[in-house]
Every structure is written in C-alpha cells, then in structure tokens.
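K.L.:
With the sequence up front, the predicted model follows.
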Amino acid sequence: MKEFPKPVGFVYGYEPSGHQIAALAISEFIPKDIINPCFLSVSDFFPGSSNFLVKGYLEIIQKTPLLWDYLYDNQLLSKTYYGLGIKIPDFYSNIVNKKLIKLGINTIISTHAFSSIMTSGENLKIKIRNNFAVITDIYAHSFWPKNLDKYFVPHYQTYKTLAENGVSGDKIEVVGMPLRKEFYSDYNPVKLKKKLKIPDVPTFLITGGSKGIGEIMDIIDVFREIRYKCNLIIFCGSNKKLKKTLSLMKYLNNAKIYPLGYQKNPAVYYAVSDMVVGKSGGITLFETAAMKKLFVVYSPLPGQEERNAKFLVNHHCALNPSNPRNLKLIIDSFLANRNYFERYVNNISKLHKKDAAIKIANEIINSV
C-alpha cells in the first residue's frame with residue numbers, strides 16, 4: 001500500500017524568481033494529503049552557489065549584454081555539451097543524489113534549465129520515477145535536457161522550439177503558464193484602491209522582476225513630464241537600494257510613488273493598475289495576460305526577455321518602445337484614449353489558460 005503524502009521535489013534555480021513562483025503555483029493546486037511538496041533551489045544542494053550564479057548573471061547582462069545574448073541559446077555550445085556526453089562531476093552529482101534520497105524524492109518537477117540538467121537522468125545515479133519540466137518562457141532554449149518524461153509549456157511556440165532542439169513531440173504538452181490561485185480571483189479595482197489607500201486616478205505598475213532591475217529610473221523620469229495625476233506602483237523585488245531611493249521621493253510632480261519590495265501576492269496590484277511597464281519575464285507577461293492589462297515592455301534583458309518581447313510585439317500583444325521619448329508618447333496616448341489600445345489587451349489576454357496549473361497538478365498526482 002502506498003504511503004501518503006508522497007514527497008515530490010520542485011526544483012528551481014534561485015529565489016526569489018519567476019521559476020520559484022511557477023513551482024509554488026503548481027503546488028497550490030495539489031492536495032497536501034496526497035503530495036508533500038519539497039521546494040529546492042540550487043542553494044539547497046550547494047549552499048552559497050545560488051547567490052554566486054545570480055551575481056554572475058547580473059554582472060554579465062549589465063556589463064556585457066552581447067555576451068549573454070550569445071551564450072543564452074547557443075546551439076553550437078549545447079550540441080557540443082550533449083554530443084560529447086558531458087556530465088556534472090561526480091562530486092556534485094553525489095550531493096544531489098544524497099539530498100533526493102534523504103527526502104525520499106522520486107518525482108521531480110523542474111522549472112529552470114540548470115536545475116533540470118542537474119537532476120536529469122544523465123547526472124543522477126538513483127532511479128527517478130517521474131522527471132518533469134515546466135518551461136516559463138515563450139521560447140525554449142537549446143540547453144534544456146532532451147530526455148525528460150514530460151515538458152509542460154506555455155505556448156505552441158515553446159513546443160515548436162523544444163521539438164526543433166531534439167525533444168520528442170509526444171513528450172511536450174501545451175498547457176499554458178501555471179499561476180498562483182490569486183490570479184484566478186475577481187477583483188473590484190475601486191474597492192481595492194480604497195483598501196490600499198491609493199487615489200482613484202490612472203495607475204501604472206512598473207516592474208523590475210524579482211530582482212528589481214532594468215531601466216526603472218528611466219521609466220520614472222518619463223513620468224516627470226506627464227501632465228495627468230497618476231499613481232506609480234513600483235515592484236522593486238529584492239533590490240533594497242532601489243526601494244530606499246524611491247521611498248525618499250514619494251511624489252514626482254503629478255505622480256505619487258508607491259515603492260514595494262518583493263511581493264508574494266502581487267495580484268491586487270495588477271488589479272488596481274491600468275498599465276504594466278517593465279521587463280518581459282515569463283511570469284510577468286502571463287500574470288499581465290491573466291489580469292487583462294496593457295503591457296508595455298521596456299528595457300528587456302538579453303536572452304529570454306528579448307525573445308519574449310519580440311514574440312509579444314509580433315503578435316500585437318504588447319508595445320516595446322526603444323527609448324524614453326517613445327515611452328512617453330505611448331503613455332500620453334493611453335491617458336488620452338485608452339480604447340485605442342484595447343486590441344493589445346485582448347490579444348495578450350488570449351495567452352492565458354485558466355487551467356494550466358490544474359493540468360500540471362493532475363499529471364503529478366496521477367504519476368505518483
């Protein structure tokens with residue numbers, strides 16, 4: 001007889017991050033008497049490594065963005081890696097094996113390419129019953145492992161790129177992006193603004209992702225020239241320096257500033273906003289789609305975010321101004337006649353699939 005709840009490993013790169021959020025979203029739809037979710041970042045296997053990886057990543061994209069763009073989806077490098085059968089050194093793979101054995105995990109859901117490589121069959125010496133991947137961007141790069149049991153993807157374009165990179169099509173399921181339960185609720189923006197003590201004027205959500213990076217100050221400077229009264233809700237993520245700087249500003253001509261740290265439950269702020277401005281991370285764009293808001297992508301990071309932005313623009317789901325002047329023109333136009341932008345809102349909202357997290361959760365439940 002099976003013993004429940006069964007331990008299941010949700011593995012991702014670092015926290016906070018969109019990859020972590022996707023794991024949490026799926027777990028919310030799984031009864032705790034059936035599955036005991038074990039959340040594991042790279043740091044849980046290799047203490048301190050997550051901060052090192054994030055710092056290195058940020059250094060590259062900020063100082064040498066072209067290098068990151070070259071490395072991000074370099075098929076020559078990925079073909080060399082998989083073609084030569086390169087594996088993680090035994091010292092490191094043994095640490096991963098011991099951790100999974102200690103927790104009794106034989107089902108893995110990975111939401112990050114590196115963590116998926118780390119726990120793939122090529123690098124594990126223990127038998128894993130189910131090894132799943134959840135991809136959180138529109139395009140799947142070529143470094144994702146090829147032989148996992150199933151890949152849950154947010155869009156057909158993701159399916160296409162995975163298949164082109166050597167993954168068997170019958171292992172790929174287009175389910176949409178798993179979002180937390182709060183994004184499936186109905187909200188009354190007027191009542192929420194009263195509750196949050198935010199004036200009932202046009203409201204803009206500016207987001208720098210979980211790390212609070214990007215050209216946020218450039219975006220804010222644009223609002224110095226906006227003639228209308230408005231609110232600026234700013235997601236600073238884990239960027240304490242940015243939050244402190246913005247907290248000292250409070251008002252910006254006609255705009256009132258609300259700087260916020262990392263938000264575990266951000267849906268209410270999407271609900272009271274009229275436009276989302278910022279980076280085009282996978283979770284951000286699908287949260288925006290779920291809340292049916294106009295998305296204006298600004299200063300996307302090289303690699304996955306630039307590819308997400310290109311997809312959104314090509315499919316008339318978002319706008320991507322290349323400079324502050326063009327961003328101001330969009331904001332002015334929106335404040336003058338927001339009906340003009342309805343087609344962008346309608347198009348991006350079609351990307352959202354309400355049952356994404358439920359489908360993935362059911363697959364996990366049936367597999368154990």
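P.N.:
Nice, thanks for sending it over.
K.L.:
Tell me where the stretch 51-200 of the chain has helices.
P.N.:
Using DSSP state H, counting those that start in this stretch, the helices of the stretch 51-200 of the chain run over 65-72, 75-83, 90-103, 113-118, 156-164, 189-196.
K.L.:
Kindly format the C-alpha coordinates of the shortest one as CSV.
P.N.:
Written as CSV, here are the backbone C-alpha positions of helix 113-118 (Å, rounded to 0.1, in the frame of the first residue of the first chain):
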residue,chain,number,x,y,z
ALA,A,113,17.0,24.7,-17.2
PHE,A,114,20.1,24.4,-15.0
SER,A,115,18.2,22.7,-12.2
SER,A,116,16.7,20.4,-14.8
ILE,A,117,20.2,19.5,-16.1
MET,A,118,21.4,18.9,-12.6
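K.L.:
and it, what does it pack onto?
P.N.:
The contact analysis (3 or more C-beta pairs under 8 Å, 6 or more residues apart in numbering; DSSP states H and E) places helix 113-118 against strand 6-12, helix 42-45. In short, each C-beta sits where N, CA and C put it, glycine included.
K.L.:
repeat for the longest one
P.N.:
Contact here means 3+ C-beta pairs under 8 Å, 6+ apart; on that basis helix 90-103 packs against strand 6-12, helix 42-45.
K.L.:
That one to strand 6-12, inter-axis angle?
P.N.:
Interaxial angle of helix 90-103 relative to strand 6-12 (axes from the mean of the first three to the mean of the last three C-alpha atoms, to 10 degrees): 140 degrees.
K.L.:
If you count neighbours, what's buried in helix 90-103?
P.N.:
For helix 90-103, the neighbour count (16 or more other C-beta atoms under 10 Å) marks Ser93, Val96, Asn97, Lys99, Leu100 as buried.
K.L.:
Check whether the first one really touches Leu124, as I assumed.
P.N.:
Think Ser93. Yes - counting by C-beta atoms under 8 Å, Ser93 does reach Leu124; the two are 6.8 Å apart.
K.L.:
Mind listing the residues bridging to the nearest residue to Lys250 once chain neighbours are set aside?
P.N.:
Nearest non-adjacent residue to Lys250, counting by C-beta to C-beta, 6 or more residues apart in numbering: Ile257, 5.9 Å away. Assessed by DSSP bridges, Ile257 has beta-bridge partners Leu232.
K.L.:
What's the local residue count around Ile257?
P.N.:
Neighbour count for Ile257, taken as other C-beta atoms under 10 Å: 18.
K.L.:
so how far is Leu329 from it?
P.N.:
22 Å (C-beta to C-beta, to the nearest Å).
K.L.:
same thing with Asn308?
P.N.:
23 Å.
K.L.:
Neighbour count for those two, which is higher?
P.N.:
Using other C-beta under 10 Å as the criterion, Asn308 and Leu329 rank with Asn308 on top: 26 against 12.
K.L.:
now, among the buried residues of helix 90-103, which is nearest to Val175?
P.N.:
Leu100 (25.2 Å; C-beta to C-beta).
K.L.:
who are the neighbours in contact with that closest one?
P.N.:
With contact taken as C-beta atoms under 8 Å, 6 or more residues apart in numbering, Leu100 is in contact with Gly9, Asn106, Ile108, Thr119, Leu124, Ile126, Ile128.
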